[in-house]
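Peer 1: predicted model follows, preceded by the sequence.
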Amino acid sequence: MRDGLHGLLVWALATLLTALIGLATAQSLTRLGAPSGGQAEPSTSVGGENLIAFDLDRLFRAERRPNADLEYPRAEAARILLTTSSHRGMQPEDRAYLVRLTATATGLAQPDAERRVDEVAARAKENISRARRSAVVIAFTAGAAALLGAAASWFAACAGGRIRDGEAPPHAWLDWGRPMGRT
C-alpha cells in the first residue's frame, strides 16, 4: 500500500508540473491566438472570433469597400454569431441588426444581405459545434490518459516495492548486474 501511494504521489506531482508548464505556455501564446488592437488602443475582438474568423470575412466581403473601420462592427458581429450555438439561438432582433450591419458595410441589397447572414450563421454554428465536440474528445482523452497514468504508477511502484523487499526477482531486462542471454 505504501509503495502504491508513493507511486500516486509521484504521478500527482508530475501531473501538476505538466499542468503548470501547459498553463504557462498557453498564457505566453495568448498574444498569438487573438487579434491585436495595436499599440495605442485595446482590442475590441472577442475570444471566439478566431473560431469564426473566416465566417466573419465572408459576412463583410465586398467588391468596393468604403473607407470605413470595420474593427468594432466585426467584433460586434462575432459576438452575435457566437450566440447561434446557444440553446436559444440567434434572436430575431439580433439577426435583423446583423442584416442591417452587413448591408451597410458591404453595400448589398436587403435580400442578399439576409441570405448572406443566414449562410454565415449556419456555418458559424457548425464551426462552433465542431469545436465543442473536439474539446469534449480532448478532455475525455486527457482524463483517460491521467487515469491510466495513475494506475500505471500505482502498479509500477508496488512491483518495485516487491522487488526491493525481495518478494519477487527483478525481470531479466531490469537486472542490470546480470548479463543478458538466451536461457
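Peer 2: Thanks, I have it.

Peer 1: list the buried ones in the helix or strand hosting residue 23?
Peer 2: Counting by DSSP states H and E, the element that carries residue 23 is helix 2-33. Neighbour-count burial for helix 2-33 flags 3-4, 6-8, 11 (criterion: 16 or more other C-beta atoms under 10 Å). The C-beta positions use only the backbone N, C-alpha and C, and glycine is treated the same way.

Peer 1: got the contact list for stretch 130-143?
Peer 2: With C-beta atoms under 8 Å, 6 or more residues apart in numbering as the contact definition, stretch 130-143 has outside contacts at 51, 85.

Peer 1: any weak-confidence spans in this protein?
Peer 2: Scanning the chain with the threshold set as pLDDT under 70 gives 29-49, 65-67, 172, 174-183.

Peer 1: which parts of it are helices?
Peer 2: For the chain, the helices defined by DSSP state H occupy 2-33, 53-59, 71-82, 92-106, 110-164.

Peer 1: buried stuff in the third one?
Peer 2: Which is helix 71-82. 73-78, 80-82.

Peer 1: pipe the helices of the chain into CSV and attach distance to residue 170 per row.
Peer 2: Shown next, in CSV, are the helices of the chain (distance: least, C-beta to C-beta, whole Å):
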stretch, distance to residue 170
helix 2-33, 15
helix 53-59, 56
helix 71-82, 57
helix 92-106, 68
helix 110-164, 5
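
Peer 1: report the contact partners of residue 116.
Peer 2: 58-59, 102, 106, 108.

Peer 1: one more pass at 7 Å, please.
Peer 2: By C-beta atoms under 7 Å, 6 or more residues apart in numbering, the contact set of residue 116 is 59, 102, 108.

Peer 1: count the neighbours of the second one for me.
Peer 2: I take that to be residue 102. Neighbour count of residue 102, defined by other C-beta atoms under 10 Å: 24.

Peer 1: ok, and the closest non-adjacent residue to residue 128?
Peer 2: Sequence neighbours aside, residue 85 is the residue nearest to residue 128 in space, at 4.1 Å (criterion: C-beta to C-beta, 6 or more residues apart in numbering).

Peer 1: how many neighbouring residues does the one you found have?
Peer 2: When neighbours are defined as other C-beta under 10 Å, residue 85 has 19 of them.

Peer 1: shouldn't it be in contact with residue 129?
Peer 2: Yes: Residue 85 is in contact with residue 129 according to C-beta atoms under 7 Å; the separation is 6.0 Å.

Peer 1: separation between the residue nearest to the spatial centre of the chain and residue 128?
Peer 2: The centre of the chain sits closest to residue 135, judged by C-alpha atoms, centre = their mean, with a distance of 6.0 Å. As for residue 135, its distance to residue 128 is 11 Å (criterion: C-beta to C-beta, to the nearest Å).

Peer 1: before we move on, back to that, what's the spacing between the residue nearest to the centre of the chain and residue 58?
Peer 2: Per C-beta to C-beta, residue 135 is found 24 Å from residue 58.
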